[in-house]
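>>> structure for the following, please:
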Amino acid sequence: MTGRFERSPRRGRADIDGGPASYLSMGRGGVPALLLHGFAGDSLTWQFNAAALAADRRVLAVDLPGHGASTLEVGDGRVAAFAPWLLRLLNTLEIPRVHAVGHSMGGYVALELARLAPDRVASLSLVASAGLGPDFDLEFLRRVAALETVEEGRDCAARLFARPWLLAGRVGEVMHAQATDSRRRAALERIIAGSFAEAHRSPDPVDWTVFPMPIQFLWGREDRIIPVPTADRLPPEAPLHLFDKAGHLPHSEAATPVTATLRDFLSACDPR
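Numbering: from 1, shown residues only. The predicted structure is shown next:
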């Protein structure tokens, strides 16, 4: 998904074991916010949030493996393998600790990063997050990876939003272009097979006792891709923020309140 940040970020690239990592960086100071996009997205998913978040701290929006300008090598497609790749990136950039903010698949990756290195994650903000259970639209993911026409891409993009959205057409065009690139399409298909097809069959809940950091959840009430989770799927004391007239991309459709919620939470979780 494409667009422009409100302020010009710096595009960076790090060559790490596991393939090149592309990222956008803006702001400075504080515990950085690590922004992780969803399936078939990229770092520009955060175009409506990054500048405001960067008023308080450094913001790092990463293209995950198989996406954007990062490596297209995704191994067997297991999202858990993206966590050590991210850890190598943070080590290369000499970032000791982050607030992990993940959307959809990016939330799944954020969970795996926090599980792998809890001392490196100051807080978790999970936006319409995957990885919480089997209740998500697997066929939608398969359709996104196999788009044949621009019109199919636009139809898929429209499903991401609760209401007609100005940029939905452009999002659909980018999704279609990605699916017609044979290497990118293969990477998406491996991620589906390695992570989401299996997750769709597994009813096992997340063991929240292994996550010592503060956690919050943000969701669009009208999400048609990953419905709002039931209370038994969430840690009992973690806040769940619901946003009206928003679908699977609440950080776009409800950008102002979502960004305010993120800023408040990250500030509250900063070391004193």
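
>>> next SSE downstream of the worst-scoring helix or strand of the chain on mean pLDDT?
Across the helices and strands of the chain, mean pLDDT, DSSP states H and E gives its lowest value to helix 197-201, namely a mean of 71. Following helix 197-201 in sequence order, the next helix or strand is strand 215-220 (DSSP states H and E).

>>> tell me the strands beside that next one, with direction?
Strand 215-220 pairs in its sheet with strand 121-127 (parallel), strand 240-243 (parallel), by DSSP bridges.

>>> in the following helix or strand past the longest one, what counts as buried?
By that I understand strand 121-127. Per DSSP H and E, the first helix or strand lying C-terminal to strand 121-127 is helix 138-145. For helix 138-145, the buried set under the neighbour-count rule, 16 or more other C-beta atoms under 10 Å, comprises 140-141, 143-145. All C-beta atoms are positioned from the backbone trio N, CA, C, and that covers glycine.

>>> what mean pLDDT does stretch 24-44 have?
In this model, stretch 24-44 has a mean pLDDT of 96.

>>> tell me how far it lies from the chain's centre.
9 Å (C-alpha atoms, centre = their mean, to the nearest Å).

>>> what's the longest helix along the chain packed up against?
Taking DSSP state H as the criterion, the chain has its longest helix at helix 255-269. Counting by 3 or more C-beta pairs under 8 Å, 6 or more residues apart in numbering; DSSP states H and E, the packing neighbours recorded for helix 255-269 are helix 50-53, strand 98-103, strand 121-127, strand 215-220, strand 240-243, helix 250-253.

>>> so which of these comes closest to Asp155?
helix 250-253 (17.8 Å; C-beta to C-beta).

>>> for Pro96, which non-adjacent residue is spatially closest?
Arg120 (7.0 Å; C-beta to C-beta, 6 or more residues apart in numbering).

>>> spit out the contact partners of the one you found.
By C-beta atoms under 8 Å, 6 or more residues apart in numbering, the contact set of Arg120 is 87, 90, 96-98, 113.

>>> same question for Leu36.
Applying C-beta under 8 Å, 6+ apart, the residues near Leu36 are 62, 64, 86, 100-103, 105-107, 109-110.

>>> all the strands of the stretch 1-150 of the chain, residue numbers only.
Using DSSP state E, counting those that start in this stretch, the strands of the stretch 1-150 of the chain run over 10-16, 19-26, 33-36, 59-62, 98-103, 121-127.
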